[in-house]
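*Asks:* just a sequence and a predicted model for now, questions to come.
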Amino acid sequence: MKRILVPLGTLFLCGSLFAWIDYDDKVENKQAKFGKDFEGCALQLYTDKVEFEQEMPEKVTVVLRSRNDRATLLPAPRATKTRRYALYIVVADKNGTSLFSRNLLEGKSANPVLAGTLKPRASQVVISVPFDQLEVAGVDEYLDGMPFFDEKTRMRNAGKLVPHLYTLKAVLLSGEPEKRPDFAVASDLWQVILRPKSPARMTEAERQVKLKAWLATMSQGAVAGGRVSSQLASLGDTAVPALIKLSEKRAEAGMKPDVAQAVADSRIWAIVTLCNTRSRAAEDYIMKRLKDPLAFRELSFIVWHSQGFHSKRVTETLRAFAEDASNGRPMPWEKKHGRKSRGYGRGACEYVFKHFSSRGASVTDQTIVGCIARGDPKLTAFALAAWKPSSGEAALKVLKPLWTKADLHPNVRRASAHALARAMGGDGFPKYNSQADPDIQWIADTVWLYREKHLSPQETLDGLRNTVFQVRKENDKPKVLLMKILGKLARKSGYPVTGSTFDMPADWDRTWVWALRTSTIDKTAATQFLCRQMRTREALPAVTKRALLVELKRVIGDKFPLASTAAARKPEAWNICGQWLVDNGYFGADKKKKPKAMSGKASKLGDSQPDRDLLPENQGPKKPGAKK
């Protein structure tokens, strides 16, 4: 017999098993499906309930369907007495870590698969086993193509796994001795959610023993804390005092770095766990911490995981928090930490917005106004996703300025179009389609706003002109659509392209040159646009190269190494000017090489100054122990 060592890349009880809480986990109890047929056979796996507690005898049933006329799994020539058969149930967590049961046919000679008593052309149950009787383990070694467990393999009771969303699958294998299986059939996937064992099913002594043990485990740090968080939360008020104490624990002077990190991670898990106890005392404490955090790096965890309370009070508090933070208003902790700490509120807003999207709540109209004014595209996009405008009129009032904004980020553009479609869909606003071309959709939205007189002719012209700078350079369809519309609306503004047929790329070059020269776009944004047009996989036509060099000279000025407009026709001009742009940082700094210093205004082109109030640690919650 051959023993084949197989590195699976996932070890039992590895970090991927720790129960980072996902509040979107839901499973519907649908009709179980059979997997793919193999040699006339197919498997089905199901449980009666898709959500059940740890240590509950929920039956896992495996059904074999045969489309054959025989009673054996394989035809007579292959259905030998020496043939091996194995049935496994695989339990996989959402991160892909797979645990295999032992062979469920071993020692069961009466099983219809082994006994050769299958019902021809029918379906029948071949095994039904309680989930809490399944022994499972990770597999890193195979024997003749089948999972191998020896006496040293540490098996786990499936009913005591970490509460989590799991995917189950049955696999039936068969093969001759000392050979790899020549028959393999698997069921379709079946998802279940394993809930913590409820305190009502425990004695008081058991609750106290487990509380003490789980707290000790959580104190070990990130991975350990994750394994017991949901179990501790299930204890409710019983666990709250100890969790509050753990959430306030601080590293002591002289602690080793790894020990200090474990203390910090256990604090985070204590906060996460408190938010999922559904306890009023825990909610009071978290509301206090929201206004007076012990450490600002914990704010994002508080605002995200507080959705576990399902509390109207929490929602209203966070709604006001987000409006104040996004509009730069004073935050409640400033009396203790000073004005410079105000930025921490904005840093946590992303997770307020994700919290609201998860719970189906809405931020205020004024929160969106503040985010737009702040100019942070990532924050604005998340805010728009969590916004249910009070009315179509209110949505239009808030979002209308974006249609004439020169440097609108693509994500904000999509999110604002989606938000306006939700609010004004009943008024005829074009339906939002996430699969549609975003450039064409934005142009259609602009035209609709113009036709319905929500945008003036000048606002429409400004919006379409700005769209010229945002259209993806490899996409010709929106370019043609834009030129058709501009040919009708921008004639009096000197738009140079007329007619219904176009010479590409020359007419598009004339379009963006016109847009640059007639817009209010600043030199930095203009230079960035021109540099983006230079970065293509395919070689640019000579006419486009000349137009780009001429406009770069006009925008950057005398220091740009193009002597004259006529010099743009020289073959070497493109490479010389392109290298100058690279050397002077217009395409971004080389990661391997320190960028050269630039003189004058050009030194700022392409740079965006960071918000000094926001520290990297406050950019959102990571799993405790994750690398920063």
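*Replies:* Done, it's in. Fair warning: this is a prediction, and the values are worked out from it, not measured in the lab.
*Asks:* hmm, residue 222 is touching residue 269, no?
*Replies:* Yes. Under the criterion of CB atoms under 8 Å, residue 222 makes contact with residue 269 at 7.4 Å. For glycine as for every other residue, the C-beta is placed from the backbone atoms N, C-alpha and C.
*Asks:* higher neighbour count, these two?
*Replies:* Comparing residue 222 with residue 269 by neighbour count (other CB atoms under 10 Å), the higher total belongs to residue 269, at 32 against 22.
*Asks:* what's the helix or strand for that one?
*Replies:* helix 257-275 (DSSP states H and E).
*Asks:* please point out which parts of the next helix-or-strand element following that helix sit buried.
*Replies:* Elements were assigned by DSSP H and E; along the chain past helix 257-275, the next helix or strand is helix 280-291. Neighbour counts over helix 280-291 (16 or more other CB atoms under 10 Å) mark 282-283, 285-287, 289-290 as buried.
*Asks:* ok, and what's touching helix 280-291?
*Replies:* Contacting residues not belonging to helix 280-291 are listed as 237, 240, 243-244, 247, 271, 274-275, 298-299, 302-303, 306, 309, 311, 313-314, 317-318, 321, 332-333 [CB atoms under 8 Å, 6 or more residues apart in numbering].
*Asks:* and these, which are buried?
*Replies:* For the contacts of helix 280-291, buried by 16+ other CB under 10 Å: 240, 243-244, 247, 271, 274-275, 298-299, 302-303, 306, 309, 311, 314, 317-318, 321, 333.
*Asks:* downstream neighbour of the helix-or-strand element of the chain with minimal mean pLDDT in the secondary structure list?
*Replies:* Lowest by mean pLDDT, DSSP states H and E among the helices and strands of the chain is strand 3-5, with a mean of 32. Once the chain leaves strand 3-5, the next helix or strand it forms, by DSSP H and E, is strand 41-47.
*Asks:* mean confidence for that next one?
*Replies:* Averaged over strand 41-47, pLDDT sits at 97.
*Asks:* which residues in the stretch 51-200 of the chain form strands?
*Replies:* 51-53, 59-66, 84-93, 98-101, 123-130, 135-137, 141-143, 146-147, 156-157, 164-175, 183-186, 190-195 (DSSP state E, counting those that start in this stretch).
*Asks:* what strands line up against the second one, and which way round?
*Replies:* In its sheet, strand 59-66 lies beside strand 41-47 (antiparallel), strand 123-130 (antiparallel), with partners assigned from DSSP bridges.
*Asks:* pLDDT score for residue 262?
*Replies:* 90.
*Asks:* same question for residue 410.
*Replies:* 89.
*Asks:* who are the contact partners of it?
*Replies:* 438, 470.
*Asks:* kindly report the same for residue 558.
*Replies:* No contacts exist for residue 558 under CB under 8 Å, 6+ apart.
*Asks:* what distance do you get for it to residue 569?
*Replies:* Distance of residue 558 to residue 569, computed by CB to CB, to the nearest Å: 20 Å.
*Asks:* how about residue 328?
*Replies:* From residue 328 to residue 569 the distance is 51 Å (CB to CB).
*Asks:* show me which of the two is the more surrounded one.
*Replies:* Neighbours per residue (other CB under 10 Å) separate residue 328 from residue 569, with residue 328 holding more: 15 against 12.
*Asks:* my read: that one touches residue 370, true?
*Replies:* Yes. Counting by CB under 8 Å, residue 370 is a contact partner of residue 328 at 7.1 Å.
*Asks:* so which elements touch the helix holding residue 269?
*Replies:* Judged by 3 or more CB pairs under 8 Å, 6 or more residues apart in numbering; DSSP states H and E, the packing partners of helix 257-275 are helix 204-218, helix 222-234, helix 240-247, helix 280-291, helix 299-305.
*Asks:* follow-up on the earlier one: I'd like the strands paired with strand 59-66 laid out as TSV, including mean neighbour count.
*Replies:* What follows is the strands paired with strand 59-66, written out as TSV (neighbours: other CB atoms under 10 Å):
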stretch	mean neighbour count
strand 41-47	21
strand 123-130	15
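*Asks:* that older thread, and the helices and strands packed on helix 257-275, which one is worst for confidence?
*Replies:* helix 222-234 (a mean of 87).
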